[in-house]
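In: Pasting a predicted model and its sequence here:
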Amino acid sequence: MSVAILREGDYLIAAILSDLTDKEVVELRGELIAMVGRYRSRGLVIDVSALDVIDSFVARALRSIVLTVRLRGAHTVIAGIQPDVAIALVQFRLNLGPLRAALDLDAARALLDQLTGGEAEDGR
């Protein structure tokens, strides 16, 4: 699978480096959900800047990740959606309700800091 997953403090950052098959998308979903619990992550960034296309299956999988991770106590931000991809997602009228997006990784981390209140209560 061509996804790099890094742990940065209380956040996980998953950078999708190239197009994924449907099977790889499902595997990524399971892995991210498990990692949020394992590391007690308070935030997740999914960087999709390398993707030229986000089809309806990937969009639904991203939505599923956001909803499930939220039930596990973490916030998710999708970073780096390309302009043409954003236009296509709007034109397809996909239900993207819970998705939060940021222009790039720095903006995604700043948004997570706002959503999580900056520092963890235990000082992490």
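Out: Thanks, I have it. Numbering: from 1, shown residues only.
In: What is the subsequent helix or strand relative to the lowest-mean-pLDDT helix or strand in the chain?
Out: Here the helix or strand of the chain ranked lowest by mean pLDDT, DSSP states H and E is helix 83-91, holding a mean of 91. Sequence-wise, the next helix or strand downstream of helix 83-91 (DSSP states H and E) is strand 101-102.
In: what pairs with that following strand, and is each one parallel or antiparallel?
Out: When pairing is defined by DSSP bridges, strand 101-102 lines up against strand 75-79 (parallel).
In: List the contacts of the strand it pairs with.
Out: 42-49, 62, 65-66, 69-70, 99-105, 107-108, 111-112, 115-116 (CB atoms under 8 Å, 6 or more residues apart in numbering). Where C-beta positions appear, they are placed from N, C-alpha and C, glycine not excepted.
In: Run through the residues that contact the most centrally placed residue in the chain.
Out: Most central in the chain under CA atoms, centre = their mean is residue 46, positioned 3.0 Å from the mean C-alpha point. Residues in contact with residue 46 (CB under 8 Å, 6+ apart) are 14, 16, 32, 62, 65, 76-79.
In: Highest neighbour count among these?
Out: Greatest neighbour count in those, by other CB atoms under 10 Å, goes to residue 76: 27 neighbours.
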